[in-house]
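Visitor: Need a 3D model of the sequence below.
(4 chains)
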Protein chains: 2
Amino acid sequence: MTSQDNRPLTLRDVSEASGVSEMTVSRVLRNRGDVSDTTRSRVLAAAKTLGYVPNKIAGALASQRVNLVAVIIPSMSNMVFPEVMTGISEALDETELQPVVGVTGYRPEKEEKVLYEMLSWRPSGVIIAGMEHSDAARAMLRASGIPVVEIMDTDGTAIDSVVGISHRRAGSQMAKAIIKAGYRRIAFLGTKMPLDHRARKRFEGFTETLAKAGIEIEDREFYSGGSALKKGREMTRDVLARSPDLDFIYYSNDLIGAGGLLYLTEQGIDIPGQVGLAGFNGVDLIKGLPRELATMDSCRQEIGRRAAELIVARAAGTDGPGVPSRIVLEPTLTYGDTLRRL
Amino acid sequence: MTSQDNRPLTLRDVSEASGVSEMTVSRVLRNRGDVSDTTRSRVLAAAKTLGYVPNKIAGALASQRVNLVAVIIPSMSNMVFPEVMTGISEALDETELQPVVGVTGYRPEKEEKVLYEMLSWRPSGVIIAGMEHSDAARAMLRASGIPVVEIMDTDGTAIDSVVGISHRRAGSQMAKAIIKAGYRRIAFLGTKMPLDHRARKRFEGFTETLAKAGIEIEDREFYSGGSALKKGREMTRDVLARSPDLDFIYYSNDLIGAGGLLYLTEQGIDIPGQVGLAGFNGVDLIKGLPRELATMDSCRQEIGRRAAELIVARAAGTDGPGVPSRIVLEPTLTYGDTLRRL
DNA sequence: CTGAAAGCGCTAACAC
DNA sequence: GTGTTAGCGCTTTCAG
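Guide: This next block holds a predicted model:
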């Protein structure tokens, strides 16, 4: 009933249908400049009846502005990143900006590719997880002239701005709390991910602080793949079989910690008396367990929000490169019911 | 050291640096047409030293082709959608196409807005969750002339193609299995989401099939917000306090089911003898519970993969509208340890 | 308040 | 194999 062929509608179609110049139609549709109410309503009516959807490609090319924010994360199934996304969406919701997500699967080559792909759309900003990137990736980001915010982690040299927590410090803080509570025979269970730098940094901060107190990790194990809850169970069973006199297990995430907690509870082991437990992230899930798992909040949503706010500020500001920010959040330690509070 | 000003590099810069025409540079960079090896390598070298990143905006406008697939989902934190995304990425990984995600928060107005926003980038295809959309949204999708695949659900009238499962049937199948196993006093616990049409359809299919067997739902409760695991616990406790002689609880998702399972296990209630349980989705998590929760696989990853494949096929095919497909997957019922298998 | 001209950076189509 | 010429659909800029 409108047009017979399949060609998408253009500004010109609206212009012809309304008898108003393309330029004025464009003004109405973008709410720019002064347009008389008569003209405005005529244009709006025409656009609506035709079902006109503007072509942002053309608009972006002409205006040299793209209202997209590239968000580059390692995975969507990690539970952590969806929450970061929530924070980003929250901050961007009232603005013109829109997030576009790219996933790297923790693989540097893929990160490079995704980054290249996204930069070629000339977004208004880039939010990228982690501080470890290939030289090529860093070069691209620098050369792009686009505001960049590295998120999650603050241990390293920033390309531009950073928002996150120090994972070394998080590991260290947890070690201190554990030592203070009197635990001495401590194991670490985590993901086998050479490329999960944040887990690695927590581990490093953890062991270093233990070392300073003259304590060495009693046992450790790393897994990959499968149901984290189940792996948590299995690793906990195995580690206790190997080292029966352990008195604490620090898990690299809450989900495997939950698995361990379920296993130990079923075995009738006294928590946190005989064995103490702690995870990491502060996910919602731990609230429904038989006992609340000790954990450290990774500030995911706030990180997303703050990072997005930085981009918004830069996008709004003058075209200068802007001043790089460095926002280091302080994670909260939750003792829950699995870590003695001295 | 390269250029002093902040202007992004253009094809022309590469052209000048290599002494080759813009057109040929363009050909090299896109691997199109025949270019002599000498020229090719000279261009590649120039592009690399300069750090040139092509401008896809301009490219897309000129070629009228955009290698983006719009994916519109209600939420990222639902655990279900990240897996759909995984399937989509998987299928798209070997192609030129790239997914771009938009989130609606289960709100029709937001869906309309996101859709408009994405369509204005003229993507090669749209993958959108659910079959319930506002008239305006359906009109936009129809008018766009872009291949559309509605996913997750197949109960309803498709705009174009569909890939999913019948949630009515899923609910009905579960009802049959429960009845067959001899349970008679049945409760339903779920999310309070008038806009979660899929959960609603499962509920309807469930109750209808029970009704045909002369059974009426004994009790029901709906929640919103908070930790699903915890809510599962609380609702289970409450429903059993109200209706102590229940012999089965059907949960609208695995997570609340897991909460219920933990609660009942702690209470020492015999599962599946005294009370049987079942969830929905078939998430990984259930494998680490004290007993494996009965559930029905929602085929998330396969749905994502198949939907993306449809888009790929259409994008590759001739420009015609193509033939709409209708792919109805058959979910598998897992009895686990919480539903008697007669 | 409205319009006309120029051009964003690239690629299709056609020369050579 | 390589170069030239026109735009893609919009917005910027400048006239009125």
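
Visitor: Please enumerate the strands of the stretch 201-342 of chain A.
Guide: A:219-223, A:248-251, A:276-278, A:295-296, A:326-328, A:333-334 (DSSP state E, counting those that start in this stretch).

Visitor: The closest residue to DNA strand D within the stretch 151-300 of chain A: what's it in contact with?
Guide: Going by CB to the nearest atom of the strand, DNA strand D is nearest to A:D160 of the stretch 151-300 of chain A, at 24.9 Å. For the C-beta atoms, the positions are set from N, CA and C on the backbone; glycine is no exception. Shown in contact with A:D160 (CB atoms under 8 Å, 6 or more residues apart in numbering or on different chains): A:141, A:147-150, A:324.

Visitor: How about the residues of the stretch 151-300 of chain A by chain B?
Guide: Contacts of the stretch 151-300 of chain A with chain B, taken as CB under 8 Å from any CB of the partner chain, map to A:226-233, A:255, A:258-259, A:262, A:266, A:284-285, A:287-290.

Visitor: Restricted to helices, list these.
Guide: Of these, the ones assigned to helices by DSSP state H are A:228-233, A:255, A:258-259, A:262, A:266.

Visitor: Around DNA strand D, pick out the residues from chain A.
Guide: With CB under 7 Å from any atom of the strand as the criterion, chain A meets DNA strand D at residues A:7-8, A:10-12, A:22-23, A:26, A:29-30, A:32, A:54-55, A:58-59, A:61-63, A:65.

Visitor: what's the burial count for A:G182?
Guide: By the criterion of other CB atoms under 10 Å in any protein chain shown, A:G182 has 11 neighbours.

Visitor: A:G190 now?
Guide: Counted with other CB under 10 Å, residues neighbouring A:G190 total 21.

Visitor: so it sits in a helix?
Guide: No - looking at A:G190 with DSSP: H, G, I helix; E, B strand; the rest coil, it is strand, so not inside a helix.

Visitor: For it, which non-adjacent residue is spatially closest?
Guide: A:S252 (3.1 Å; CB to CB, 6 or more residues apart in numbering or on different chains).

Visitor: for A:R107, same thing?
Guide: Nearest non-adjacent residue to A:R107, counting by CB to CB, 6+ apart: A:L195, 7.2 Å away.

Visitor: With A:V84 instead?
Guide: A:G304 (4.0 Å).

Visitor: The one you found touches A:E83, doesn't it?
Guide: Yes - between A:G304 and A:E83 there is a contact under CB atoms under 8 Å: 7.1 Å.

Visitor: What ranges does chain A have for its helices?
Guide: Assigned helices in chain A, in chain order: A:11-18, A:22-30, A:37-50, A:56-63, A:80-92, A:108-119, A:135-144, A:167-180, A:197-212, A:228-242, A:254-266, A:300-316 (criterion: DSSP H).

Visitor: Tell me which of those sits most buried.
Guide: helix A:254-266 (a mean of 25; mean count of other CB atoms under 10 Å in any protein chain shown).

Visitor: So what touches that helix?
Guide: The contact list for helix A:254-266 (CB under 8 Å, 6+ apart) reads A:79, A:189-191, A:223, A:228-237, A:249, A:251, A:271, A:275, A:277-283, A:285-286, A:289-291, A:293, A:295, A:338, B:262, B:285, B:288-290.

Visitor: if we can go back for a sec, now render the ones in helices among the residues of the stretch 151-300 of chain A next to chain B as CSV, adding pLDDT.
Guide: Output for these, formatted as CSV (pLDDT from 0 to 100):
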residue, pLDDT
A:A228, 94
A:L229, 96
A:K230, 97
A:K231, 97
A:G232, 97
A:R233, 97
A:L255, 96
A:A258, 98
A:G259, 98
A:L262, 97
A:E266, 95
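
Visitor: Name the nearest of the residues you listed relative to B:A47.
Guide: A:A228 (43.0 Å; CB to CB).

Visitor: excluding its backbone neighbours, what's nearest that closest one?
Guide: In this structure, A:A228 finds its nearest non-sequential neighbour in A:L255, 3.9 Å apart by CB to CB, 6+ apart.

Visitor: DNA strand C versus the one you found, what's the distance?
Guide: Remark: distance between A:L255 and DNA strand C (CB to the nearest atom of the strand, to the nearest Å) = 44 Å.

Visitor: pLDDT score for the closest residue to A:E111 other than its chain neighbours?
Guide: Distances taken as CB to CB, 6+ apart put A:T104 closest to A:E111, at 4.0 Å, once the chain neighbours are dropped. At A:T104, the model reports a pLDDT of 93.

Visitor: Same check on A:S3?
Guide: With respect to pLDDT, A:S3 scores 40.

Visitor: cool, and A:G320?
Guide: For A:G320, pLDDT reads 56.

Visitor: related to what we said a few turns ago, how many residues are close by the residue nearest to A:G190?
Guide: Neighbours around A:S252, by other CB under 10 Å: 26.

Visitor: Enumerate every residue touching it.
Guide: A:188-191, A:199, A:202-203, A:279-280.

Visitor: Same check on A:V275?
Guide: With contact set as CB under 8 Å, 6+ apart, A:V275 has these partners: A:240, A:246-249, A:264, A:269.

Visitor: hmm, which of those residues are the buried ones?
Guide: Buried residues within the contacts of A:V275, counting neighbours by 16 or more other CB atoms under 10 Å in any protein chain shown: A:240, A:246-249, A:264.

Visitor: quick one: A:N281 and B:L229, what's the gap?
Guide: Distance, A:N281 to B:L229, using CB to CB, to the nearest Å: 15 Å.

Visitor: swap in A:A307?
Guide: Counting by CB to CB, the gap from A:A307 to B:L229 is 29 Å.

Visitor: Name the nearest residue to the residue located most distally from the centre of chain A, ignoring sequence neighbours.
Guide: In chain A, the greatest distance from the average C-alpha position (CA atoms, centre = their mean) is reached by A:G19, at 48.4 Å. Leaving aside its chain neighbours, A:G19 sits nearest to A:R42 (7.4 Å; criterion: CB to CB, 6+ apart).

Visitor: any idea of the pLDDT on A:L29?
Guide: pLDDT recorded at A:L29 is 94.

Visitor: Skipping its backbone neighbours, what lies nearest it in space?
Guide: Spatial nearest neighbour of A:L29, excluding adjacent residues (CB to CB, 6+ apart): A:P54 at 6.2 Å.

Visitor: Ok, A:I327 next?
Guide: Nearest residue to A:I327, sequence neighbours excluded (CB to CB, 6+ apart): A:V163, at 4.4 Å.

Visitor: Tell me how many other residues crowd that neighbour.
Guide: So A:V163, with other CB under 10 Å, has 28 neighbours.

Visitor: Next: A:V323.
Guide: 10.

Visitor: same question, A:R107
Guide: If you count neighbours by other CB under 10 Å, A:R107 ends up with 13.

Visitor: how close does it get to A:E16?
Guide: Relative to A:E16, A:R107 is positioned 51 Å away (CB to CB).

Visitor: try A:C299
Guide: Per CB to CB, A:C299 is found 54 Å from A:E16.
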